[in-house]
Structure formats: structure tokens, C-alpha cells
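Colleague: What follows is a predicted protein model with its sequence.
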Amino acid sequence: MEEEEEIKTKTESEDATGIKLRPLTKYEEDMMLRARIKHKQNITHEQKCWGKTFQGSAFIPKPEKILFEDFEVGQTYTQTVILTNVSFTFNSFKLLPLDPEIKDFFNIVFTPPGRMSAGLTCPIQITFTPQINSDIISVFPILSETGRIDIPLECLSKKSVISVQSNIIDFGQVILGEHCNRTLVIKNEGALGSEFSLLDKDGEAIPVVADQTMLVTQESSISQSQILESSPTYEEVNPESLFSMLKFPRSGKVDGYSTTTIPFKFSPADIGVYEDTIMIVFKNKKTSPIILTVRGECIDVPIYVEQEVYDFKVCVLNHTYREKIVLRNRSVNPMKIQLTFPKDAKEHFEFSPTLGYIQGSDKFDIWVKFRPDNNAYTMLAAFQEAPNAFNIPIKVTGANQVMPVPFSIHVELTSDLITVEPPLLDFGDVYVQTAVSMKFIMKSHSALPQEYAFVRLPQTISIQPFDGFGTLLPFEELQMTAIYRPAPVKAGTELGKDANDFYIRAKTGDLTAREFKVSYSAKLQSCPIAFSAYKIDFPGLPVGEMSEYMISVTNSSRKLPYAIEIIPPPIDVAGLKITPTVIPRLATGDMGRILIRFDSDFRDLQKREDAEEWNLEKELYNIGGKVYDFYVDEPAKRSQHYEWLIPVYFRPLLPDGVTRLHYLQMKTVVINKTLIADPEVLDFGEIAVSCRKVAEFTLLNQDTQPVSLSMDPLPPFGGFTVLNAMRVVESGQKKAIVVEFEPINQQYFEEKLTIRTGNSAVSIVLKGRGVRPELKLDPEDGLLNMGNAIPGDFVEKAFTLKNIVSFPFEFMLKKRMVGVQNYNSLVNFTFIPQYGRIEPGSSLQVKVKFNPDHSSERYYEHILIDVPNQIDPKEIYLAGSCWRRSMYVKYDKPFRWPSSQELIEEEKEGALNFLQKSADKPPRFVLTFVKDAPGLSQELQEQTRQRKIVVGNCKLNNSKNDKAGSFEILMPKVDNNLFTCDVVKGNTPPGAEQKITFTFNPPPPDPLLNELVVLRGIGQWVEILVEGRILGGFLPPGIPESSPFEVLLRGYVQQI
């Protein structure tokens, strides 16, 4: 592609000459391109010898670089270059043309050597004639058989290459009045010399010190002595600049390949650190300026004092103060010194020593002692510079130092006195077990802050604020409150005047302490009304919590009853509720109880609508309160502290009784709630007695720090127990608290669980109800008559159990007493189910199956329905009868809960058992009519005239076997119908019963028996035997159709 471009370019250039050429054909262009490429490939070739290919430059020049240095235009310079064949075998070369820009400056003399064997050399002479003063950086090209070789060619004109040894001229520390010399060396490494000038950093000329500029030549530089010997004429120079203290030549010259020096002399005139910049500018514009930094420090004379002013600050009279004055010697030689001070200060100042030697580069200590008294104000008046402030000048002179070292001592005098107004604190009349406060002014007479503390206080005295500790600012007046609270006294102790002293210990500054005496007096009196506590401090409570205190008030008077009234602050401001507030009559020696409740919340006294001026502190004071509210603008940190004085008025119940006054002091603290409970009310609902239920609530720590939990103990028999331990809760984390409720009785339970941290508390209301299982029995009386059956048959009935409480319970049927048992070892009564679980509000039917195997009227069971912890135990009485045949006869007895006596009588009386009775002796029923007498029960009253038996027919399970039966009663003939029967014959269907009533009709008593007391109650028992029989019904095999029975009727007839 490059060849094609060359061909096209050449064609275009030829066209530019004006000669019109025929355009090359495509074939001609291709052939020309191929010829050029082939020619180029034939110019050089690889050299191989003995199987090795030569690589690198075939000819090495000597010197390796053709260099013409420091040439001048118009001059001619010649140099010979020797080329050596370093290839493996024969080689040749030819010269290539130089760059067109420089080829006119060179003339080359060269004899072509032809083919050269390895190791032969060939010289080339190059003549350089510069026409322009410009550097030439190029190559001298040759072409060998193995490739092109470029020999570096450089032609360098004359230049100035100037440098300095250091760009910083540092004179270091120079003592005031002395001087220091430094030399700057300028080196020119080029062939071209140059003149230079020393200018300031802005390129302006620096004001000269001498009339003529001192020149620096190549042969010799100006010496320091020549500079000092010259008599300069100073120009106006800034006295504070470095150049006003510096002497140096302002210009000079440096030749090629040479060095020159410039001397600098620094003679400071004032103490300080100096630094400035000097710029060396060369006449040769091609040489860059050199920037120099010149600096030096002027230090003071050798002897100096560490502090120019020793400030004793504020000194208290009649106290001693010491200070060390340190002198130092900057020089290496020892020096004698002496200290002098004013004579008027000798009475209060003492220096030790005032004469001495300071070793070289060492220090010397002088101690000064200052003891001011009241005379110091007069003696030091000449040195007073402000009220109570003095400045005493001191001077130190050195033997070899003309300039003395001055310094001064500054002191300010003050007193440490504290005064109290009034000097005597008179509390007046004070009731025992009450407190009286009195305000007094404490004034500082010192210019220093004074830390104070009231010490050696009697037990009856307390000081506020801050319990008598604090700090008095200079000349401050502080209002304090002294509270006198008499100590408790025993009954019968004589009261009188209490006078004593206490002290104020004040610390003024850091060195002095002093005590001041304060006297007080009080007249003690006994109070007829005594409270169990006069000062109540409620604990700090979070918002929404509650705390209660119970105090008692006693009438200790021996003569009069008293009426008492307590005036609490408004509840919307204080949150305090006192019950009761009025005790209309407190008899002698009686005691009343007062409940004080505090509901915590942030409360602020609101401005009244009719108030023109509003002062919260004053308004609270009017209702007996004081508030300290912290971090009002930061709700998370806010705390509100209230103090209340609550008046208590009391007077004797007399027409002319005088009303007197007491006070109760109460303090409350409200903080923001940082411990949040969820939920705040934990309701367990209804729980069976002795059963347990576990529930939990969570506590969230909203504090910025971890908190450690603790809880107030719960009552031991309250039913509630906290199961897990109180742990540390991290900030922003939650803690689950597990509570167990186990009621011990049937009642409502409610307790308040209070959990506390170091700065907060939260209360959780625990609720629950202990209940006992209770069921309803149907039948309610617990009597279940199973009826009558024959052996081998059965009767089924049921009773119902209903759960009337709100929780499920389990039951079990347990036998407490049983009657006759089957001979076949099977149970008489079967219960389905015999145990189970009844859900709330549900009913359960228990089926009972009566299955006797022999005849008896004594089948019964007394069953307990056992439910754990039930309120009233439920019992059921089951009874049934079994007969040989379906027809039966029995006594007419009410079905009721039998007593033990009835069971015994039944045992004696026996039962109608056809299996055990012989066939020739029918069963007999004895019906005795009760003898009429006053005070009989209703049941016995009925039995005085009528007695009954029952005839029945059993209902069989297999209805096919059911048959009707009948009965007959054969009444004997008795005179006057003494005994009668209502039914003497009848039919009895299956499952029916017929009552037969026998009536006793005694004749009226003889009037004589009623008239004569001794004859009253005389009579005799009359008996008749009635026969009867039962017929029909279901008859098991072997049982006769007719079964007889007898009824013996007995009645008492009054007669002689």
C-alpha cells in the first residue's frame, strides 16, 4: 500500500510540473509495484555463517556518538569516525543522505572500501560548519548488507548551566547585637558565562546598602572584610524587613565552567524570626531564575527570665504564698546576677537568694514569699493599677550584660469573710414533731469563689438548698433556708428553749479554709395533734403510675376532742388525693387514718384568664408548691419534681376554740416512662381452683442504656407468681415476663405487679377469678327410683349431669354404700358412662341399668359424683326391687334419702321375699296406726288414721310376656267398722301400681276419761288380721297362680 501511495504521489508531482504524462494502466501500476518490492527485498539480506544467523549492527562506530560541543556559528569543526565490521564474514556499507534540514551544515569525506572482511575498519571524516546557533539532534545513517545503522549525531551550542549548592541561606539564631555570615556558591557547568542580579520575590531591585553595587568577578569574590570596611550610604529600607539587617552584593557575573561566591552578613536589630525570598535573575534569558530563601532568628540577651510577669492571681489576706522565679543563661559562660526590688515591698515580699552565679546554658532559681495583711493596701499603694490589684516591678542585672532583665509580680488582694444576716436565727414557737423554716442571707466578701458547707449541724437543723452545700460566687449574696425540726421527745418531758450554734466552713480558692459561727434559738411546745409522718417522699414514678401512703393522726390531748381539716393543693396541679380531708371529731386518745394517693403525670399550673401578670413560681408558692422541671424540651429525659406544704388546721371542739396550723410536706417526682408493658392489664379469666394457667406480657426498653429489671414482691397468697427471672434488657429490646395464676379459693383475684429499673417503673394489673366446678343434677334431689323387676329381667333409666361453669371438668361415679348384691357376681346397677368430661354449658346423660338376679327389696346404691374441687358434692341414691313374679305387694313408703336408722329398721322388718318364705305361711304386713298424741309430725299425724300398702305389676322388657294381674282383700267383720279398706278387689295392668288404704275409725273416748286426769290415756291396742291374695301376671315356671298375703292392722282405743 505504501508503494502504491508513492507511485500516485509521484504521478501527481509530475503532473504539477506541467508535463502531461499518460496515466499508467492497471498492469503498469502492478508491475511497478512488484519491481519496487523486489528491489527493496534485494537491498538487505540475512547473513548466515556456519549455520548461524547474524543479528544486530554489522558496523560499530568509534566514537559511538558523533558530538560537536560548544560550537560557534561560522567556525569549522572536523571529526573522524572509524567503522569496524563486526559481522561473521564479508560485509559492505554505503552512506545514506542526512536529513534535509541539516545536510548543508556537514561535509563528508569517505573512500568506499568495497566488501570488507570481518574485523576490518574504514574511516569517515565529517566536517561541521554551523550557520545558526541552534542545537542539532539527529543521526548519521549508513546501509550495510544486513540492514541500516543509525549513528547518533549531536551538535550542541554554548549554554549557561548555572546552579547553587543550596536554595536556603539559614543564619540560625543570632543574639541581639551580634552578626552572622553565610556564603552562597554559584556554579556554572556550561560554557557560556552570564551576568546576574539579586532581586526581591517580586522581581524588584533590593535597596542597596552601599553607594555602588559590589560586583563579583570570576577571579575573586568580594570578601566579608571588604564588605565590613566599606562605608555604605543607607537608603530608606523598611526597618522590620530582613533586607534592612542583611548586607550582600546586588549583582555579579559567573563565567563558563567556573564558580563564584556571594557573601551575606546578617546583623539583626530586633528580636524575632525573619524570612524573605531573593531571586537571582541572569542576563542570559535562556537561564531560569534561581529562588533563594533567606531566614534568620534574632534572640534575646543571654540572661533572661522565664516569665516577664509572675501572676500571683488573687491572694487572700493573712495567708502565705510562694513562687519560684527561674533565670536562664543562654550563653556558655557563667555570669553573676543580682536581683533588686522596691523598698516599699520589703515588708511583704522576701526573695531568696538575691545574688548568685548562673552557669553557662543553665538556670538559676529564686524563691519569693508573699504574705499580705491589712497593711499591704497602704504599703503597696504606689504600685496599684486597679482596685485591690498591684504590679510590683523587679529587675535582674548581669555582670557582663549591659541590658538588665526586667519582670514584674502581679497580685490581687481579697478577703475570705462570709457574713450572715440576721446574725441570730430565731425560729420562735415550734411544735414538737413539726418543722419551721426561716430564710437568711449569706454574703461573700471575697473576689474568689467560695465552696461552703454547713457543718456540725444539730439533728434539729437542716439547710436548703442542696442540703447546705454549694459555691458562693465573688461578692454574691445567696438566700438560704434553715429548717428547724425538733427531735422526738418522750411523754412527760419538760419542754423549753433550744439555743445552739452551727458553723459554715468555707473554702476560698485552693489554699484556705475558715469557719464562721451561726447561732439560732427556738421555743418548743407540745402539739395535741400528732401525725405518724410529717414528711412524705413519693418515689420517682413514670407517667401513668400510682403510689399510696397511709399515715395516722392521733389526738394526744388528755382533755379535749379536736376537729381537723386538711387543705390539699388542686388535684389537677399536684395529682395528690387525700382521704379524708376533714375529721369532724377526733376524741381524746383516738387515732384516725389518712390515705394519700399520688397519680403521676406531667402537670403544669395554667394561667388564670383574669390574671394580668403571671409568675409561675409565685403562683405555686401561693398554693404551697414549688416545682423543678428538667429537660422540658426533651420528652425522653424530662423529669418534674414538686414540693408541697399542705396546711392542716385543727381546733378544740369548744365554742371559743382557737384554730391552729400544722404542715405536711410532700415531694413527688414524675419521669417519662421508658419501660413499656404490653398489655398493661393481664386478665387470666376464670380458672378452676388449684388449677394453673400461664400467660405472659412483654416489656420494651425505650431507654438509651441497658436496664436491669427488679420487681416488687407479690402477696404470697394472691394467686399470682412470676416464673422467670428479672434480667438485663438492652436498649430498644423486649423482654417477656411469664406469670402463673393458681387460685386457692373461689373468689376474684387482682394484684398490681410493679417492675422497676434504676430510673423507671411500670405496673401491670393482674386479674383472675378462681372458680370451682359446679354441676346440676337432674333429678335435683338425687333420688332415682329404678322401680320393680323380676329375676333375669332389667330396668333402664337415666339421670343428667350439666356443667354450669365456664370451663370443662371431669367427673367419676364412686360407690359410697351398696345394698343387696346379685348372687351371680354381676353388679346390680350399671352406669354408662361411669366417668367422663363435660364441656362448659353442656349436659351429659348417664344411663343406669338395674339387673337383679334374685328377689329382694333392698337393692340400692349410694353414688358420689366425684368432681375435683367442686363446690357442693353431688350424690345420687338408686333403689330398686325384685320379685318372684310380676305381681307384688309392698309397704307404701315414700322414696327418699334413707337414714341409718331407717336402714336398721328395714333390716329388722325384713322384706317380702317369696323365695325365702314357706308356701304354707304367707307374708304378713303389719300396719300399726300411730297413737294420737300432741306434737306429732305431719307424716305421723296421717298414720294415726290411715295406713297403705301397694299392689303392683312389673313391666317386662319383652312385651309379649306382659300380662295383667288382680288382687283381692278379705276384710273380717268388725263391730262399728273399726277398720275399713277402700279397695278390696281390682285389676293391675303391667307397669301399674294400686294403693290400698286401710282406715282406722276408733270410737269417741268416754267423757269420764277426759274429766279425770288420772284416767287420761288409758286404753288398749286392738288388732285384726286381714287376708288377701294376688292373681295373674307373669308367672315364671313353678310359681302358682295365686299368692296369698296377710295384713295385720293394729290400733289404739281409749277405754276403761
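Modeller: Cool, the structure landed. Numbers count the residues shown, from 1 in each chain.
Colleague: for the longest helix anywhere in the chain, which positions count as buried?
Modeller: If you go by DSSP state H, the chain has its longest helix at helix 26-43. Using 16 or more other CB atoms under 10 Å as the test for burial, helix 26-43 gives 29, 32-33. For the C-beta atoms, the positions are set from N, CA and C on the backbone; glycine is no exception.
Colleague: and if you look at stretch 518-527?
Modeller: Neighbour-count burial for stretch 518-527 flags 518, 520, 522, 524, 527 (criterion: 16+ other CB under 10 Å).
Colleague: helix or strand right after the longest helix of the chain?
Modeller: strand 48-49 (DSSP states H and E).
Colleague: ok, whichever helix or strand comes after that following strand: who's next to it in the sheet?
Modeller: Next in sequence after strand 48-49, counting helices and strands by DSSP H and E, comes strand 52-53. Using DSSP bridges, the strands paired with strand 52-53 are strand 48-49 (antiparallel).
Colleague: Which of the buried residues of stretch 518-527 fall within helices?
Modeller: Among these, no member falls in helices (DSSP H).
Colleague: could I get those residues as JSON lines with distance to Asp373 and pLDDT?
Modeller: Shown next, in JSON lines, are the buried residues of stretch 518-527 (distance: CB to CB, whole Å; pLDDT from 0 to 100):
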{"residue": "Val518", "distance to Asp373": "27", "pLDDT": "93"}
{"residue": "Tyr520", "distance to Asp373": "33", "pLDDT": "93"}
{"residue": "Ala522", "distance to Asp373": "40", "pLDDT": "91"}
{"residue": "Leu524", "distance to Asp373": "45", "pLDDT": "86"}
{"residue": "Cys527", "distance to Asp373": "53", "pLDDT": "81"}
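Colleague: In JSON lines, list those along with distance to Leu586.
Modeller: JSON lines is the format used below for those (distance: CB to CB, whole Å):
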{"residue": "Val518", "distance to Leu586": "39"}
{"residue": "Tyr520", "distance to Leu586": "33"}
{"residue": "Ala522", "distance to Leu586": "27"}
{"residue": "Leu524", "distance to Leu586": "23"}
{"residue": "Cys527", "distance to Leu586": "13"}
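Colleague: where exactly do the strands run in the stretch 201-350 of the chain?
Modeller: For the stretch 201-350 of the chain, the strands defined by DSSP state E, counting those that start in this stretch cover 246-247, 251-254, 258-266, 272-282, 290-299, 303-305, 309-316, 321-329, 335-340, 349-352.
Colleague: out of these, nearest to Thr800?
Modeller: Thr800 lies closest to strand 309-316 among those, at 101.9 Å (CB to CB).
Colleague: hey, C-alpha coordinates of that closest one in PDB?
Modeller: Once non-C-alpha atoms are left out, strand 309-316 reads as follows in PDB (Å, rounded to 0.1, in the frame of the first residue of the first chain):
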ATOM      1  CA  VAL A 309       5.000  38.700  84.600                       C
ATOM      2  CA  TYR A 310       4.600  36.400  87.500                       C
ATOM      3  CA  ASP A 311       0.900  36.500  88.300                       C
ATOM      4  CA  PHE A 312       0.000  35.500  91.800                       C
ATOM      5  CA  LYS A 313      -3.600  36.000  90.800                       C
ATOM      6  CA  VAL A 314      -5.900  36.600  93.800                       C
ATOM      7  CA  CYS A 315      -4.300  36.300  97.200                       C
ATOM      8  CA  VAL A 316      -6.200  36.100 100.400                       C
END
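Colleague: Partner strands of it and their direction?
Modeller: Strand pairing (DSSP bridges) places strand 309-316 next to strand 401-414 (parallel).
Colleague: Run the chain-centre distance for the partner strand.
Modeller: Averaging C-alpha positions (CA atoms, centre = their mean, to the nearest Å) puts strand 401-414 58 Å from its chain's average.
Colleague: What's the first helix or strand after that strand?
Modeller: Next along from strand 401-414, by DSSP H and E: strand 418-421.
Colleague: Geometric centre of this protein: which residue is closest?
Modeller: Gln705 (2.7 Å; CA atoms, centre = their mean).
Colleague: The spatially closest residue to that residue that is not a sequence neighbour and Phe630, how far apart?
Modeller: The shortest distance from Gln705 to any non-neighbouring residue, by CB to CB, 6 or more residues apart in numbering, is to Ser731 (6.0 Å). Using CB to CB, to the nearest Å, one gets 21 Å for the distance from Ser731 to Phe630.
Colleague: With Glu750 instead?
Modeller: From Glu750 to Phe630 the distance is 35 Å (CB to CB).
Colleague: Compare these two (neighbour count), which wins?
Modeller: When Glu750 and Phe630 are compared on other CB atoms under 10 Å, the one with more neighbours turns out to be Glu750, at 14 against 11.
Colleague: Touching, the more buried one and Gly770? I think so.
Modeller: No. Contact status for Glu750 versus Gly770: not in contact, 11.6 Å apart, counting by CB atoms under 8 Å.
Colleague: Which strand residues bridge the closest residue to Ser134 other than its chain neighbours?
Modeller: What sits nearest to Ser134 in space, not counting adjacent residues and going by CB to CB, 6+ apart, is Ser157, at 6.7 Å. On the basis of DSSP bridges, Ser157 is bridged to Phe71.
Colleague: tally of neighbours for Ser157?
Modeller: 18.
Colleague: Also the one 5 residues further on?
Modeller: Other residues near Ile162 come to 24 when the count uses other CB under 10 Å.
Colleague: Tell me how far it lies from Thr277.
Modeller: In terms of CB to CB, Ile162 sits 18 Å off from Thr277.
Colleague: what's Ser856 sitting at in phi/psi?
Modeller: phi -170, psi 150 (degrees, to the nearest 10).
Colleague: Quick check: closest non-adjacent residue to it.
Modeller: Nearest residue to Ser856, sequence neighbours excluded (CB to CB, 6+ apart): Val820, at 4.5 Å.
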